[in-house]
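Fold the stuff below for me.
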Amino acid sequence: IALATALFGSLAQAQALRLAGATSRPATSDFIVAVINSEPLTNTEVQREVLRVQQQLVAQRRPAPELQRLTAEMLERLINQKVLLQFARETGIRVEESAIDQAEQSIAAQNQLPLAQLRKQVEADGLSIAQFRSQLRDQILMQRLRERDLELALPLWLPGQRAAREAFARSHATDAEAGI
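Below you'll find the model as predicted:
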């Protein structure tokens, strides 16, 4: 993944110039800005992410970075996200529809809205329900990937686990010396 980030880092910088120019004129058509393992990333996806971050910064009353820099950062973020999502799928991590339904219900409850009202708000914000659910699927997939990676790494850091592994290694070394 680090290699993919390094390879796509320069692509992100090169494409940022083209994307920044595209934002100053009305969008008449979409185009592919990157291809990640045969999966396209479009200008619309990048611009949607730029707009989302700009809106968050305004809501938080934080200054927005220069548009060209923000666009490059969002391009790089989306490329990295696609790489990780592809990796998660390839390694067998799946998200059931029931998990997406549950996440949707949870968001509605957190916002103290009925599900139907949440969906109306999502559409008013410019997302289709299918896009919203796809974003939820991706978020759950990323969460499961992080959890799985943490489960795989955690035993390495637990003192008891390390001691157990060292004792196991010593016992196998002793067994080998004894010819067992």
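
on contacts alone, who are the packing partners of the host helix or strand of Lys82?
Following DSSP states H and E, one finds Lys82 within helix 67-90. Taking 3 or more C-beta pairs under 8 Å, 6 or more residues apart in numbering; DSSP states H and E as contact, the helices and strands that helix 67-90 lies on are helix 2-23, strand 32-36, strand 39-42, helix 43-59, helix 129-157. Where you see a C-beta, it was placed from the backbone N, CA and C, and this is true even at glycine.

State the distance from Gln139 to Pro65.
24 Å (C-beta to C-beta, to the nearest Å).

and the angle from whatever helix or strand comes next after the helix holding Lys82 to helix 129-157?
Using DSSP H and E, the helix or strand that follows helix 67-90 in sequence is helix 97-110. Using axes from the mean of the first three to the mean of the last three C-alpha atoms, to 10 degrees, one finds that helix 97-110 and helix 129-157 are set 100 degrees apart in direction.

contacting residues around the following helix or strand past helix 97-110?
Per DSSP H and E, the first helix or strand lying C-terminal to helix 97-110 is helix 115-124. Contact partners of helix 115-124, identified using C-beta atoms under 8 Å, 6 or more residues apart in numbering, comprise 104-105, 107-108, 111, 113, 129, 132.

Put the buried members of those residues into a ChimeraX selection.
A single ChimeraX command is used to select the members of these judged buried by 16 or more other C-beta atoms under 10 Å:
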select :104,108,132
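
with the contacts of helix 115-124 in mind, which one is nearest to Gln47?
Phe132 (17.6 Å; C-beta to C-beta).

show me the contacts for that closest one.
104, 119, 122.

Same question for the helix holding Lys82: list its buried residues.
Of the residues in helix 67-90, 70-76, 78-85, 88 count as buried by neighbour count, 16+ other C-beta under 10 Å.

quick one: low-confidence ranges for the protein?
Low-confidence segments of the chain (pLDDT under 70): 1-28, 153-180.

can we see that at 80?
Applying pLDDT under 80 to the chain flags residues 1-29, 150-180.

Could you tell me how far the closest residue to Arg77 other than its chain neighbours is located from Ser106?
Leaving aside its sequence neighbours, Arg77 sits nearest to Glu49 (C-beta to C-beta, 6 or more residues apart in numbering; 7.0 Å). Remark: distance between Glu49 and Ser106 (C-beta to C-beta) = 23 Å.
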